[in-house]
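Trainee: A structural model of the following input is requested.
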Amino acid sequence: MNQFNLPEHPEVALRIVQNQGRERELELEAGLVGKFFGTGRNSGNGIAGVVAVLLVIAGLCYAFWPPQGNGLAVLEFWKVITPLITASLGYIFGSSRHL
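Mentor: This is a model prediction of the structure:
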């Protein structure tokens, strides 16, 4: 190994440098949002997954700590968010069949 911790074999070292350059390009291309949701055809699945998880968390919070006053009943709240959760899951599982 040399001072850059590359192998002595020149072809292997060249491939390592090329791959590191490509990884850096992908990082810059994805940006902060891309790192969280994914890029390309995976970004939709990431967003749908986050939406489904957030809706489930909101539903559980609403169920265990319902608002005081004239809020929706817990069952009514679940009737609103359940179709959104199932739509998100349907998107995730349905899109995996077309890859």
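
Trainee: got the contact list for stretch 49-57?
Mentor: Stretch 49-57 has contacts (Cβ atoms under 8 Å, 6 or more residues apart in numbering) with 37, 81, 84, 85, 88, 89, 92. In short, each C-beta sits where N, CA and C put it, glycine included.

Trainee: Just say helix, strand or coil for residue 70.
Mentor: coil (DSSP: H, G, I helix; E, B strand; the rest coil).

Trainee: what sits against it?
Mentor: Contacts of residue 70 by Cβ under 8 Å, 6+ apart: none found.

Trainee: Which members of the contacts of stretch 49-57 define the maximum pairwise distance?
Mentor: Maximum pairwise distance in the contacts of stretch 49-57, criterion Cβ to Cβ, is 20.8 Å, between 37 and 81.

Trainee: Give me the pLDDT value at residue 53.
Mentor: Residue 53 carries a pLDDT score of 92 in this model.
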